[in-house]
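Asks: give me a model of this one.
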Amino acid sequence: DLVLKTRVIEISSISTDPEYAARVVNTVASQYIVDQLEAKLEATTSATVWLTQRVEEFRLKLQDAEQAVEVARAAIVEEAGQGLEVLQKQLSAVSASLAELRAVISDKAARMEQIDLALSNGEYGSLSEFRASASLNKLRASESDLLDRRLSLSQTVAKGHPAQVRLSARLAVVRGKLAEEAQRIAAALRSELSSLQEREVEHSAKLRDLENRVLDQSRSELKVRQLEREASVSRTLYQNFLERLQETSAQMQLESADARVLSPAQVPGSPLRSLEQLVVILSGF
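Replies: Just a heads-up that it's a prediction; the model follows:
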């Protein structure tokens, strides 16, 4: 019976054998405590089994997630051959080099237009590219000398004189050589411009290739970061459940019943007609 306004339970037994009556009361009290403890241990054991299963599941998920990160990173290195940071540096260097090359090509192309115009007008001394040629300067000096001599001769002989004809022929030869030398210089400059334009095409192709590789690797890095976040979540869940399992396992070793015997039954010294019972009091805490 429950004692009024308390958490104390009274257990009584009536028997003609006083020792038997006391033994019954004490046995019931002991079994009550054992049943309570077994119920608590059963609940804790079930929780431990469930937590053990969950911990193993999360351990496997974490293992798979970490392996997925490693596989993804290995794939990036295998495909690109180098890290994203290195590719970005290469891209920056090629881009800068291409910009410089295009500036040189633009300047060379504009200069080439001026050279072609000078060639069409026969102005071989108007541009620095022509003045820098020793052969062209020598021919221009010969041309100037022949022109002076023809002018002087025209003042002493009539037009069509054999001497005039010979000077004119020599002048024509010199001018032909001037044109050939100027064309040679222009051809060398045109070849240089063509070579620069070919380099521009190569640099442009290399730049596009690097841009595509950087883009692909950026996408791969994004995928790796996503896998790393998933692995981090799995790691957190695994650690949380592992801690709970350890706590539950430790709790099993410290488990105790919620009741204790306040007063064990004693063998009565004399029979009681109306209260022929032995009493033990249990307290729930």
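Asks: in terms of secondary structure, what does the helix or strand in which Ser144 is found contact?
Replies: For Ser144, the host element (DSSP states H and E) is helix 134-154. Where contact means 3 or more C-beta pairs under 8 Å, 6 or more residues apart in numbering; DSSP states H and E, helix 134-154 is packed against helix 162-254. The C-beta positions use only the backbone N, C-alpha and C, and glycine is treated the same way.
Asks: who are the packing partners of the helix it packs on?
Replies: helix 18-80, helix 84-121, helix 128-131, helix 134-154.
Asks: what about Lys159, how many neighbours?
Replies: By the measure other C-beta atoms under 10 Å, the count of residues near Lys159 is 7.
Asks: the helix holding Ser144 to helix 162-254, inter-axis angle?
Replies: 160 degrees (axes from the mean of the first three to the mean of the last three C-alpha atoms, to 10 degrees).
Asks: how far off centre is helix 134-154?
Replies: 72 Å (C-alpha atoms, centre = their mean, to the nearest Å).
Asks: likewise for stretch 160-179?
Replies: Its chain's C-alpha centre and that of stretch 160-179 lie 76 Å apart, by C-alpha atoms, centre = their mean.
Asks: what's in contact with it?
Replies: 119, 122, 124, 136, 139-140, 142-143, 146-147, 149-150, 153-154, 157 (C-beta atoms under 8 Å, 6 or more residues apart in numbering).
Asks: closest to Asp209 among those?
Replies: Nearest to Asp209 among these is Leu119, at 39.3 Å by C-beta to C-beta.
Asks: that older thread, for the helix holding Ser144, which positions count as buried?
Replies: Of the residues in helix 134-154, Leu136, Leu139, Arg140, Ser142, Glu143, Leu146, Arg150 count as buried by neighbour count, 16 or more other C-beta atoms under 10 Å.
Asks: could you do stretch 208-219 as well?
Replies: For stretch 208-219, the neighbour count (16+ other C-beta under 10 Å) marks Leu210, Arg213, Val214, Gln217 as buried.
Asks: can I get the CA coordinates of it in CSV?
Replies: What follows is stretch 208-219 as a C-alpha-only set of coordinates in CSV (Å, rounded to 0.1, in the frame of the first residue of the first chain):
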residue,chain,number,x,y,z
ARG,A,208,41.6,29.7,-74.7
ASP,A,209,42.9,26.3,-73.7
LEU,A,210,44.0,27.7,-70.3
GLU,A,211,40.6,29.4,-69.8
ASN,A,212,38.8,26.2,-70.5
ARG,A,213,41.1,24.3,-68.1
VAL,A,214,40.6,26.9,-65.4
LEU,A,215,36.8,26.8,-65.9
ASP,A,216,36.7,23.0,-65.8
GLN,A,217,39.0,22.9,-62.7
SER,A,218,36.9,25.6,-61.0
ARG,A,219,33.8,23.5,-61.5
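Asks: re the thing from before, for the helices and strands packed on helix 162-254, give me CSV that also has mean pLDDT and distance to Glu247.
Replies: Shown next, in CSV, are those (pLDDT from 0 to 100; distance: least, C-beta to C-beta, whole Å):
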stretch, mean pLDDT, distance to Glu247
helix 18-80, 74, 9
helix 84-121, 88, 43
helix 128-131, 82, 88
helix 134-154, 86, 96
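Asks: just send those back as TSV, with distance to Gln197 too.
Replies: Shown next, in TSV, are the helices and strands packed on helix 162-254 (distance: least, C-beta to C-beta, whole Å):
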stretch	distance to Gln197
helix 18-80	30
helix 84-121	6
helix 128-131	18
helix 134-154	26
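Asks: list the contacts of the helix holding Ser144.
Replies: With C-beta under 8 Å, 6+ apart as the criterion, helix 134-154 contacts 124-125, 130-131, 161, 163-164, 167-168, 170-171, 174-175, 177-178, 181-182, 185.
Asks: for these, which PyMOL command selects only the ones that are buried?
Replies: Filtering the contacts of helix 134-154 down to the buried ones (16+ other C-beta under 10 Å) takes a single PyMOL command:
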select buried, resi 124+130+167+170+171+174+175+177+178+181+182+185
